[in-house]
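Q: okay, here's the prediction I keep looking at, along with the sequence it came from:
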Number of protein chains: 2
Amino acid sequence: MADVARIAGVSPMTVSRAFKLDASVSTARREAILRVAEDLGYLFDSTASNLRSQKSDFVAVTVPSINNANFADTVRGLTEGLKARGLQILLGSTDYNTAEEERLIEQFLRRRPEAIVITGGSHSDRARRLLANAGLPVIETWDLPAVPIGHVVGFSNAAAVRGMVDHFIAKGLTRIAFIGGDVGQDTRGADRRLGFVTAMLAHGLPADRLVAAGPPPISMREGAQAMARLLSEMPDTQAVICVSDLSAFGALTECQRRGVAVPQVISIAGFGDYEIGSVSVPALSTINPFPRLIGLRTADLILQVLDGHQTMPVVIRIEPELLIRESSV
Amino acid sequence: MADVARIAGVSPMTVSRAFKLDASVSTARREAILRVAEDLGYLFDSTASNLRSQKSDFVAVTVPSINNANFADTVRGLTEGLKARGLQILLGSTDYNTAEEERLIEQFLRRRPEAIVITGGSHSDRARRLLANAGLPVIETWDLPAVPIGHVVGFSNAAAVRGMVDHFIAKGLTRIAFIGGDVGQDTRGADRRLGFVTAMLAHGLPADRLVAAGPPPISMREGAQAMARLLSEMPDTQAVICVSDLSAFGALTECQRRGVAVPQVISIAGFGDYEIGSVSVPALSTINPFPRLIGLRTADLILQVLDGHQTMPVVIRIEPELLIRESSV
DNA sequence: ACAGGCGTTGTTATCGATAACATAAACACA
DNA sequence: TGTGTTTATGTTATCGATAACAACGCCTGT
């Protein structure tokens, strides 16, 4: 920057100002400075800027898995909503593991992000402490934590699944199974499973058709395997709700391989409104939690908080939508 | 850090050293310092460290889309390969757009990453200039650029598709179509389409069954729509190669909706070896470009270069694998 | 007993930008 | 014409860590 200043015949401070679009520099001079900078191949150093101004222009985001269309949609919404302000996403995946999440959060906080967005509401004690003491906006998403750390943009996974159970029961189905959500680390999956159990019990029906699918992320293949077990162990099952559309699609393919008619013999529902569910034959009944909207709302909230328009922690509830399609009666 | 030093009764320099695991500090003292730091809730400030040491511990990565399992796998491979060295991924998506890519690259370079990984070999002139002058390792992936900027970890998209065409022709199919790759921005898609055309011409067959699928990313739904057009406009087509497994699956579902038997009436192949292709009924023939391996190899290369073990630009070729499954004869 | 080496700790200057303050020139309005 | 205000620029000190160098104590071997 000193070189640019010397050649442009101004002080470094003026060069610095020329790079901030809102600062007061005469237009002619700004253009001259930017031209010199481009000629010299000078590239602004954010690190120094960040140190002095105590702003990083980072928003840290943790997701369980980067390879998941739902979370990817949330990240896209976040990115879009924050881009205009020049905020950059610092993305990390926890692999559905709270220890890894803690490690990631600590690493992120060292970079002094403007805000941090974490998926889910279940964290290690130390992670909670780190977040609470970091003195920056914390937003938990994709869940409604009982005791939020800061802000929340989420929905009740349990309530969403209850809606699907209610729908099935209203259609006269009673022997309903649930695939997945059996391993504790994936709290959203566990919450969906819990929603299934409570809804069944509330209707006076047994909630004993629980099929384990293993540790998250649960793949299509694991959904198919779980369905295979379900069909052989409890062949009179009338409907099955899966922890995600991916496992639901896997389950559907297993039915196809075995010649079990969907939905005539068994109804299938998923979760997440992945594209596969709307394209498959038959199309999958599912629940749309509006992942992109979660990202957009979170971005809005962050901007509000950073502008001081929102000082108290808020809970923004997203209302998931039940989508009944061909895979269920 | 000064506070920690004072309370621990040492100089700030010793505190600094206590946080670098390899620096020489007596074990007792290091533990005492770390304890004080934890008690005070002190969090190391990477920004200041980065400025003084002129290292960011960032590796910048651009992908066309974050919501794509193939690229996500590459990013996972990269993350895994770099984690042990404490290198953090700075991820951005270009939306298959070179202007956006240029913007992203400039933004990334300001953060002074240790290396930069970009998907594809086609970039704006200014982006090329920025990368070439940035004085850091540049790795282009998922392609074999004619004139690389620096290092390359990739494969020939055209050659991979040629292999599939050869396979179809060896099976006696001659009326072969290609879906996608029609919009210039997605150079990998265009390259796959080119591979199709050159292979057909090399066999003396017409390469006129080219179906447009619109701008990338090409969804399952767009694959289905393209297949609908193909079936109505060129009903005697014997085989179709799609630009990705997603569009191939969409095409398959369109056949299912119309009662067109796959592969008895028409063979379908995709690209990318997405999970959907191995689970769908019938399973999809496809090409596996080993996305995760690309990430791992790239990570290895970065470490080699940063350690000075590799100073000349290298080209690491990945050999895609042809997977013939139930969707093709 | 002493030179040389190693492990541990401290001191000083610095990375590259910018906040805060100061100042000069241009302009407005009574 | 003089005072107040705005706009454009410069000066100085600083953000929080660490590289580079210095120094001290302790051990080793001769």
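A: Thanks, I have it. Numbers count the residues shown, from 1 in each chain, chains lettered A, B, ... in the order given.

Q: when you work out contacts or count neighbours from here on, use the C-alpha atoms and nothing else.
A: OK.

Q: the closest residue to DNA strand C within the stretch 151-300 of chain A and residue A:60, how far apart?
A: Using C-alpha to the nearest atom of the strand, residue A:299 is the residue of the stretch 151-300 of chain A that sits closest to DNA strand C, at 22.8 Å. When distance is defined by C-alpha to C-alpha, to the nearest Å, residue A:299 is 12 Å away from residue A:60.

Q: quick check, central residue of chain A?
A: residue A:71 (3.7 Å; C-alpha atoms, centre = their mean).

Q: which outside residues touch the helix or strand harbouring the residue of the stretch 151-300 of chain A closest to DNA strand C?
A: Taking DSSP states H and E as the criterion, residue A:299 maps to helix A:291-306. With contact meaning C-alpha atoms under 8 Å, 6 or more residues apart in numbering or on different chains, helix A:291-306 is reached by A:70-71, A:73-82, A:114-115, A:137, A:139, A:141-142, A:153-154, A:310-311, A:318.

Q: next: stretch A:195-214.
A: A:157-162, A:165-166, A:174, A:176-183, A:222-223, A:225-226, A:229-230, A:234.

Q: only the buried subset of the residues you listed, as a PyMOL command please.
A: Applied in PyMOL, the following selects the buried portion of the contacts of stretch A:195-214 according to 16 or more other C-alpha atoms under 10 Å in any protein chain shown:
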select buried, chain A and resi 157+158+159+160+161+162+165+166+174+176+177+178+179+180+181+182+222+223+225+226+230
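
Q: and the host helix or strand of residue A:47, what does it pack against?
A: Counting by DSSP H and E, the element that carries residue A:47 is helix A:46-53. The elements that helix A:46-53 packs onto, with contact taken as 3 or more C-alpha pairs under 8 Å, 6 or more residues apart in numbering or on different chains; DSSP states H and E, are helix B:46-53.

Q: and the next helix or strand past the helix it packs on?
A: Later in the chain than helix B:46-53, the nearest helix or strand by DSSP H and E is strand B:58-63.

Q: so what strands line up beside that next one?
A: With DSSP bridges as the test, strand B:58-63 is paired with strand B:88-93 (parallel), strand B:115-119 (parallel).

Q: and that strand with helix B:291-306, angle?
A: Taking axes from the mean of the first three to the mean of the last three C-alpha atoms, to 10 degrees, one finds strand B:58-63 and helix B:291-306 inclined to each other by 140 degrees.

Q: how big is the angle separating the helix or strand just after strand B:58-63 from helix B:291-306?
A: For strand B:58-63, the following helix or strand on the C-terminal side (DSSP H and E) is helix B:69-83. Calculated by the same axes, to 10 degrees, helix B:69-83 forms an angle of 30 degrees with helix B:291-306.

Q: and the closest residue to residue A:70 other than its chain neighbours, what's its pLDDT?
A: Computed as C-alpha to C-alpha, 6 or more residues apart in numbering or on different chains, the closest residue to residue A:70 that is not its neighbour in sequence is residue A:291, at 5.7 Å. You'll see residue A:291 listed with a pLDDT of 98.

Q: one more: the one 3 residues further on?
A: You'll see residue A:294 listed with a pLDDT of 98.

Q: separation between it and residue A:224?
A: Taking C-alpha to C-alpha, one finds residue A:294 at 29 Å from residue A:224.

Q: now do residue A:95
A: For residue A:95 relative to residue A:224 (C-alpha to C-alpha), the value is 22 Å.

Q: how near is residue A:117 to DNA strand D?
A: 23 Å (C-alpha to the nearest atom of the strand, to the nearest Å).

Q: just to check, that residue is in contact with residue A:60?
A: Yes. Applying C-alpha atoms under 8 Å, one finds residue A:117 in contact with residue A:60, separated by 6.1 Å.
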